[in-house]
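Visitor: Build the 3D model from these lines:
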Amino acid sequence: MRRPQRQRVQKRVQISHTRSYPPPVGGWNARDALSAMKPTDAVTLENWYPTPTYVEFRGGYSSHATGMTGNGKTLAVHHDLDGTDTLWCATSSGIYNVTSAGAVGAEALARTNGKHQSVSFNDGTNSWLILVNGTDDPAYYDGTTWTAVDELTSPALTGYTGNAVEQFVSVNVFKGRLFFIPINSLSFWYLSAGVAGGALTEFSLGGEAKRGGYLMAMATWTRDAGDGMDDLAVFITSEGEAIVYQGNNPSSSAAWAKVGTFNIGRPIGRRCIVQYAGDCVIITEDGVYPLSALLQAGEAKRDKFAFSFKIENAFTDSARAYQGNFGWEAIVYPAHNALLVNVPLSEDGTHHQYVMNTITNAWCKFTGWDAETFAVLGSKLYFADATAVYQGWNTTADNGTNIVFYGKQAFQDFGIASNKSVKLFMPILSVNGNVAYAAGVDVDFEDDEITTTVSYSVAESALWDTAVWDAGLWRSGQEIVKQWSSPSEWTGRWLSGKLKIVSTDLVCQWMGSTMIFEDGGPL
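Guide: Residues are numbered from 1 along each chain as shown. I've put the predicted structure just below:
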């Protein structure tokens, strides 16, 4: 009797795939959907700094100047005519010379409020550093002596209402002329060109500010990348209007004309403006923008021109939560091609920095630097925290303590629309010594904490021809670490490699990653 032929059941053969992919040089992405990020993006990039070719440990900080009375709130640099630069820190007690390392001397000028805005001004005879805070008389430094300036000093400021020049809270230089902004006012006051003191003249912008409020700051914006005819005076109001003028003399209608009023978003803090090459960067509730984009692109199209566009969700969340805290400011640090935006979670407490590589516009986040204010002296970065000033990005530890470096790469499906069972994950690191690190894989948009630590070391006598694949290689004094991390349960369609290192003494570069997985079949 014939029997029906058995149908042959074809077994599915699992296929092993190896995928190598670049490090997260595209930086922190806090805008796009997790499934839409580029392979070079990072879901998290904390204390890893993205460069064009790799991501690296940010530098740590070390103690520089100590012993001030009161917490440091302002750092400012004086540029002398002979090329000598000095660094000064203002507290609620006074202004201190913090140029040299070690214990500071006595205060150079008494103050009651450390929160100043500053400007450098050269009148042809003296190179001045001028600080104002809205509480104390303006502080002038000529390279030798500090003076609390009023209507009777030399230089003097005269003609302001009631001679109450202590109300000046912001100061700027435009076309060789000093401009002062009082607290809670829509007027600015200005001096004659080329002088540090004298009679002040008022110019009211009350009729130009349609949204009301008061003047927060003034910026000098140039359209020709230099100090020239195309320079514009930009007055920023608390309600997010930029009132722009062109000319060199507000006293003359023939030499001073309004260019326009632009809606830019409400600025955050008095230090909302920083010079950036031939442009300015402004911090607003909506993000961090080059001023040129706000004034030229138009309100409807400006978002895509924001420097902070890629981290806009994180930035706007922080702006909403912390915009009332003192400490918001931005600074450009050329030595590392970095723009740092200080985010004060609490005054005299925790601070973060959102940091952008100015070459690639890639972002990351720094933690562990509780900086109230920053300054660059020469090629060095400094910040104030409590009663001390620290030098930043100059060592491998945060004042001798551990730095936690955490990075999580973008989720990828590697072009395979099915579940995958990860067998091995390998971060590739260039490091100057032995490293202990933890690595893992999140699947299908999970965000699990790394708990496993993988320890690795290699003897200095290791040679190229004796090393094996999952050991290491020594190259020009740097160890190239290629160590597999084995999974416990890494199965899903979307995969994200992550890496955590805690260190006080390493210099490390994340060069790339490799993942091996098996095709796990249909969804």
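
Visitor: give the contact list for Gly94.
Guide: Contacts for Gly94 were tallied using C-beta atoms under 8 Å, 6 or more residues apart in numbering; they are 69-70, 107-111. Yep, even glycine has a C-beta here, placed from its N, CA and C like the rest.

Visitor: repeat that with 10 Å
Guide: Counting by C-beta atoms under 10 Å, 6 or more residues apart in numbering, Gly94 makes contact with 68-70, 106-112, 114, 136, 139, 146.

Visitor: Would you list the buried entries among the residues you listed?
Guide: Buried by 16 or more other C-beta atoms under 10 Å: 68, 70, 107-109, 111, 114, 136, 139, 146, out of the contacts of Gly94.

Visitor: Next, give phi and psi for Thr316.
Guide: phi -70, psi -30 (degrees, to the nearest 10).

Visitor: Wait, it touches Ile283, no?
Guide: No - counting by C-beta atoms under 10 Å, Thr316 sits too far from Ile283 to count as a contact (11.8 Å).

Visitor: Glu56 contacts Val507, correct?
Guide: Yes - assessed by C-beta under 10 Å, Glu56 is found in contact with Val507 at 7.6 Å.

Visitor: These two: who's more crowded?
Guide: More crowded of Glu56 and Val507, by other C-beta atoms under 10 Å: Glu56, with 19 against 14.

Visitor: From Ala388, how far off is the more buried one?
Guide: Glu56 sits 27 Å away from Ala388, going by C-beta to C-beta, to the nearest Å.

Visitor: Low-confidence stretches in the stretch 201-350 of the chain?
Guide: The stretch 201-350 of the chain contains residues with pLDDT under 70 at 223-229, 297-303.

Visitor: ugh, wrong one, I meant the stretch 1-150 of the chain
Guide: Across the stretch 1-150 of the chain, the ranges flagged by pLDDT under 70 are 1-14.

Visitor: let's see it at 90
Guide: By pLDDT under 90, the weakly predicted segments of the stretch 1-150 of the chain are 1-16.

Visitor: Name the residues of stretch 56-66 that are buried.
Guide: 56-61, 64-65.

Visitor: actually stretch 359-374, sorry about that
Guide: 360, 362-374.

Visitor: Show me the residues you listed that map onto strands.
Guide: Under the assignment DSSP state E, the buried residues of stretch 359-374 contribute 363-366, 373-374 to strands.

Visitor: possible to save those residues as JSON lines with distance to Thr44 and pLDDT?
Guide: What follows is these, written out as JSON lines (distance: C-beta to C-beta, whole Å; pLDDT from 0 to 100):
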{"residue": "Trp363", "distance to Thr44": "11", "pLDDT": "98"}
{"residue": "Cys364", "distance to Thr44": "9", "pLDDT": "98"}
{"residue": "Lys365", "distance to Thr44": "8", "pLDDT": "98"}
{"residue": "Phe366", "distance to Thr44": "13", "pLDDT": "98"}
{"residue": "Thr373", "distance to Thr44": "27", "pLDDT": "98"}
{"residue": "Phe374", "distance to Thr44": "24", "pLDDT": "98"}
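
Visitor: residues touching the closest residue to Thr18 other than its chain neighbours, list them.
Guide: With sequence-adjacent residues excluded and distances taken as C-beta to C-beta, 6 or more residues apart in numbering, Thr18 is closest to Ile516, at 5.1 Å. Ile516 makes contacts with 16-20, 420-426, 484, as judged by C-beta under 10 Å, 6+ apart.

Visitor: Separate out the buried members of these.
Guide: Among the contacts of Ile516, those that count as buried by neighbour count (16+ other C-beta under 10 Å) are 19, 420-426, 484.

Visitor: now, among those residues, which is nearest to Trp490?
Guide: Closest approach between the buried ones among the contacts of Ile516 and Trp490, by C-beta to C-beta: Val422, at 3.7 Å.

Visitor: Can you tell me the element that closest one falls in?
Guide: Using DSSP states H and E, Val422 sits in strand 420-431.

Visitor: Distance check, Thr135 against Leu191.
Guide: Applying C-beta to C-beta, the value for Thr135 to Leu191 is 21 Å.

Visitor: who has more neighbours, the two?
Guide: It is Leu191, of Thr135 and Leu191, that has more neighbours when counted by other C-beta under 10 Å, with 22 against 17.

Visitor: Give the closest residue to the more buried one in space, chain neighbours not counted.
Guide: Excluding its sequence neighbours, the residue lying closest to Leu191 (C-beta to C-beta, 6+ apart) is Leu178, at 4.7 Å.

Visitor: Report how many residues lie close to that neighbour.
Guide: Per other C-beta under 10 Å, the neighbour tally for Leu178 reads 26.

Visitor: possible to save the contacts of Ile516 as JSON lines with distance to Asn325?
Guide: As requested, the contacts of Ile516 are exported to JSON lines (distance: C-beta to C-beta, whole Å):
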{"residue": "Ser16", "distance to Asn325": "52"}
{"residue": "His17", "distance to Asn325": "48"}
{"residue": "Thr18", "distance to Asn325": "48"}
{"residue": "Arg19", "distance to Asn325": "43"}
{"residue": "Ser20", "distance to Asn325": "43"}
{"residue": "Lys420", "distance to Asn325": "44"}
{"residue": "Ser421", "distance to Asn325": "47"}
{"residue": "Val422", "distance to Asn325": "42"}
{"residue": "Lys423", "distance to Asn325": "47"}
{"residue": "Leu424", "distance to Asn325": "45"}
{"residue": "Phe425", "distance to Asn325": "39"}
{"residue": "Met426", "distance to Asn325": "42"}
{"residue": "Trp484", "distance to Asn325": "44"}
